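Asks: Got a sequence here, can you model it:
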Amino acid sequence: MASRLGSRHWIAVTLLTFLLALGVSSASAQGYTISPASLSFTGTGVGLQSITKGITIFNTGTTNLTVSAYSLSPQFILIYGWAPYVIAPGKQFAFGMRFAPTAVGTVNGDLTIVINGANVQVPLTGTALSTKAKSSLLPASLFFGNVPVGTTSAPQTLTIKNLGTSAMKVETVTADAPFSVTGFSGIPVTLKGGQSLSLQVTMMGTAAQKFSDVLTITYDVVAETGVPLSGTGTASSLLGITTFPALPSATVTAPYLATLAASGGIPPYTWVVQSGSSLPSGLSLSSSGTITGTLASSVATGSYPFTVQVTDSSASQTSTTTTLNLPVGPQPGSNCNNIYWDVKGTSTPIVALTDLGTGTYQGAQGGLYPNGSNVRPPDHDADGVAFGESIVPLDANGNYDPNGKYGLLSIGLSVTFDTFVMFESDMQADPNVNSHLVFVPGAQPRAEASLFADPNNGVWTPIFQSFLPQAGLTANQVVAAWVDETDTTVTGTFPSDIAALQSELETISQNLHAKFPNLKLVYFGSRIYGGYSNNTTRPPQDPEPFAYESGFAAKWAIQDQINGNANLNYNAANGPVMAPWMGWAAYTWANGLLARNDGTVWGCQDLQFDGTHVSNPVGRQKEANMMIQFFKSDTTSVPWFVAPPAAVNAAK
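Replies: You can find the predicted model right below:
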């Protein structure tokens, strides 16, 4: 009799466990599904990482579900998701993973999630491949010297060679304005052992300033590689068209705006589309150089080259021509009619903080720093430089170690996560980045500012449980953070929404100081243009003007520290240290297709269907490039971000 009862008890427990795994609870108010039920990662090279795949937990019941913990089997790494997290009825939550094999073969593992106290396992399978391919890039960097504005440099050859004995595919080649590359059509190219692919790289003088970028190459079986590009645009008295040949993308049936630019000669300039050439139907070019209109529904997606001529106002009326290319993309699903945004209740376009200067928005002064300036106050900059110069490689305990490491941590939600992934990928391929620097992606989808402002929120858990160990670091080795944060629930009232966000950003800085004892520098980013998310079929996320206004939260938080707020003190001589030094990173907001003074625009094709998240790879690369330009040139970051010359020469 006892054995029968034991058997029945075992069957009951087994059945309950099975039902829990399927998301069925003994209480009818509770229920959930997990989709997909398993994940498979195939064809990943040893030492590389697979693409990210995710599972989603759907709460199908009428009461809350609590995800209290998670764990992953070895060789599978977490990319997003955290615990504890409460999933409300009708809502969902996701975990994302990659396969990072250390040996050839098939690996079976699990993602274990604790839901309402019960362990639920999602089977994971990964197949690791070996390769004898080896990529080589020659030369190791390309320098274009001085390029007069309005002209294009002579092409330089970059050779990709497979030094190994097995084949590899060149899958993508990416260079960004004002650099361009030819010789790769976008179709993967297979290189057998000993074979090579030659590319031609040029730089256009679009402005009188220094330019730098990283040309990146991705492969199927070997790690991404990159070549630093640099050059300087120099002023020229000769008439030249300075608009980069690839214009911002247009969208079928949506309005469009682009302003062409020239330099040299004697302005003003007169523009025409050269005879025999034409713009896509619905668009026209004004004599002042502005392309406007709405693309006709008959315009197919694709690329539309056309030739423009500009004539100066001299007595001899010097003219020059160039061929521009206008990409046209399909409607991505967001509201592509919002090509720029006006101040509420007016017909005056919003002006980026960097262009607003001493002007005001709703009574708030522009500029990134006090008094409408985009330049840090000298004392604050000097303190930041001193902190940057004090950064040294550290061991796991936070002590100086010439062979140690230090980390740059990201904090933010999904829009920050997306860009940081691209930024990290580019920088890992750049030989000019300091070899001690490690990138730690702490930003998480849905991890808005209010969550990171809570020092006990589960959003911090994966940073310590997963992201730091996966990067080979400890909390003692994190020395800097990029914070690009906002909230997703707002009242639409300025400045009360922004005052709340400012307070959260200040608290996040305090939390970073408390959790990372050697963190010295915090850099704030900004949202990009959010107007394409307004009036979409789904509730807009960070719509305009909030996306723009959120920049004031970072400005005011930094200003509080500059003004001596004791709660943000970073100088031990002035009292208890409460926060790291705070400053701006790249300010990325621009008013849609209405260009900033530096030419920055955000077209609908730069964003995904929701009008909020940057598109992959175009939008992500654009924002990542702004970060690259900042960290490789700012006085406070150069000492620890860029490799010292000796290290660069050794890498070559």
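Asks: use CA for all of it now, contacts and neighbours both
Replies: Fine.
Asks: domain ranges for this protein?
Replies: Residue ranges for the domains of the chain, per automatic domain parsing: 2-129, 135-234, 247-329, 353-651.
Asks: Take the ones you listed and write them to CSV, including distance to Thr346, mean neighbour count and mean pLDDT.
Replies: Formatted as CSV, the domains of the chain follow (distance: least, CA to CA, whole Å; neighbours: other CA atoms under 10 Å; pLDDT from 0 to 100):
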stretch, distance to Thr346, mean neighbour count, mean pLDDT
domain 2-129, 38, 17, 82
domain 135-234, 33, 19, 95
domain 247-329, 20, 17, 96
domain 353-651, 11, 20, 93
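Asks: so which of the ones you listed comes closest to Ser347?
Replies: The closest of the domains of the chain to Ser347 is domain 353-651. By CA to CA, the value is 13.6 Å.
Asks: Relative to Trp341, which of the domains of the chain is closest?
Replies: Minimum separation from Trp341 across the domains of the chain (CA to CA) falls at domain 353-651, 6.4 Å.
Asks: Next, please give the residue ranges for the helices of the stretch 401-550 of the chain.
Replies: Taking DSSP state H, counting those that start in this stretch, the helices of the stretch 401-550 of the chain run over residues 414-428, 449-452, 461-462, 468-471, 496-515, 546-562.
Asks: Actually, the stretch 551-652 of the chain.
Replies: Using DSSP H, counting those that start in this stretch, helices in the stretch 551-652 of the chain cover 618-631, 638-641, 645-651.
Asks: among those helices, which is nearest Thr125?
Replies: Nearest of the helices of the stretch 551-652 of the chain (CA to CA): helix 618-631, 29.3 Å.
Asks: how big is the angle separating the closest one from helix 414-428?
Replies: 60 degrees (axes from the mean of the first three to the mean of the last three CA atoms, to 10 degrees).
Asks: what residues does helix 618-631 touch?
Replies: With contacts defined as CA atoms under 8 Å, 6 or more residues apart in numbering, helix 618-631 is touched by 212-213, 418-420, 422-423, 427, 585-586, 588, 605-607, 614, 637-638, 641.
Asks: repeat for stretch 543-559
Replies: By CA under 8 Å, 6+ apart, stretch 543-559 touches 341, 343-344, 352-353, 368-370, 486, 492, 494, 498-499, 501-503, 505-506, 524-534, 582-584, 589.
Asks: ok, now stretch 279-292?
Replies: Stretch 279-292 is contacted from outside by 255-261, 269-273, 293-296, 298-299, 304-306, using CA under 8 Å, 6+ apart.
Asks: Kindly recompute the last result at 6 Å.
Replies: Identification of contacts with stretch 279-292 by CA atoms under 6 Å, 6 or more residues apart in numbering yields 256-260, 270-271, 293-296.
Asks: Looking at the residues you listed, which is nearest Thr311?
Replies: The closest of these, once distances to Thr311 are taken by CA to CA, is Thr270, at 5.2 Å.
Asks: for the closest one, what are its contacts?
Replies: Taking CA under 6 Å, 6+ apart as the test, what Thr270 contacts is 287-288, 310-311.
Asks: Nearest to Ile55 among these?
Replies: After measuring these against Ile55 - CA to CA - the closest member comes out as Ser288, at 52.5 Å.
Asks: Wait, a helix at that closest one?
Replies: No - Ser288 is assigned coil when assessed by DSSP: H, G, I helix; E, B strand; the rest coil, not a helix.
Asks: From Val221, how far off is the closest residue to Thr358 other than its chain neighbours?
Replies: Take Thr358 and drop its neighbours on the chain: the residue closest to it by CA to CA, 6 or more residues apart in numbering is Gly372, 4.2 Å away. Computed as CA to CA, to the nearest Å, the Gly372 to Val221 distance reads 50 Å.
Asks: who's in contact with Thr419?
Replies: Counting by CA under 6 Å, 6+ apart, Thr419 has contacts 620, 624.
Asks: at 7 Å what do you get?
Replies: Thr419 makes contact with 620, 623-624, according to CA atoms under 7 Å, 6 or more residues apart in numbering.
Asks: re earlier: dump the helices of the stretch 401-550 of the chain into TSV; add distance to Pro155 as well.
Replies: Below are those laid out as TSV (distance: least, CA to CA, whole Å):
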stretch	distance to Pro155
helix 414-428	23
helix 449-452	46
helix 461-462	46
helix 468-471	38
helix 496-515	46
helix 546-562	40
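Asks: Out of those, which is closest to Asn403?
Replies: helix 468-471 (15.6 Å).
Asks: Point out the other elements, helices or strands, that that closest one touches.
Replies: strand 437-440 (3 or more CA pairs under 7 Å, 6 or more residues apart in numbering; DSSP states H and E).
Asks: So in that sheet, which strands flank the strand it packs on, and in what orientation?
Replies: Here strand 437-440 is paired, per DSSP bridges, with strand 406-412 (parallel).
Asks: Just the CA trace of the partner strand, in CSV.
Replies: Included here for strand 406-412 are C-alpha records, laid out as CSV according to Å, rounded to 0.1, in the frame of the first residue of the first chain:
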residue,chain,number,x,y,z
TYR,A,406,39.6,48.5,-17.1
GLY,A,407,36.0,48.8,-18.3
LEU,A,408,33.6,51.2,-19.9
LEU,A,409,30.1,50.4,-18.8
SER,A,410,26.8,51.3,-20.7
ILE,A,411,23.7,52.2,-18.7
GLY,A,412,20.4,52.7,-20.5
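Asks: Next, report how far that strand is displaced from the centre of its chain.
Replies: Relative to the mean C-alpha coordinate of its chain, strand 406-412 is positioned 13 Å out (CA atoms, centre = their mean, to the nearest Å).
Asks: cool, and stretch 153-165?
Replies: Computed by CA atoms, centre = their mean, the chain-centroid distance of stretch 153-165 equals 28 Å.
Asks: Then stretch 111-125?
Replies: 31 Å.
Asks: Please enumerate residues in contact with that stretch?
Replies: So stretch 111-125 is contacted by 21, 37-41, 65-73, 107-110 (CA under 7 Å, 6+ apart).
Asks: out of those, which are inside strands?
Replies: The members of the contacts of stretch 111-125 that map onto strands under DSSP state E are 39-41, 65-72, 107-110.
Asks: Which single one of those residues is nearest to Gly164?
Replies: Phe41 (25.0 Å).
Asks: tell me the contacts of the nearest residue to that closest one once chain neighbours are set aside?
Replies: In this structure, Phe41 finds its nearest non-sequential neighbour in Gly126, 4.5 Å apart by CA to CA, 6+ apart. Going by CA under 7 Å, 6+ apart, Gly126 touches 40-42, 99, 106-108.
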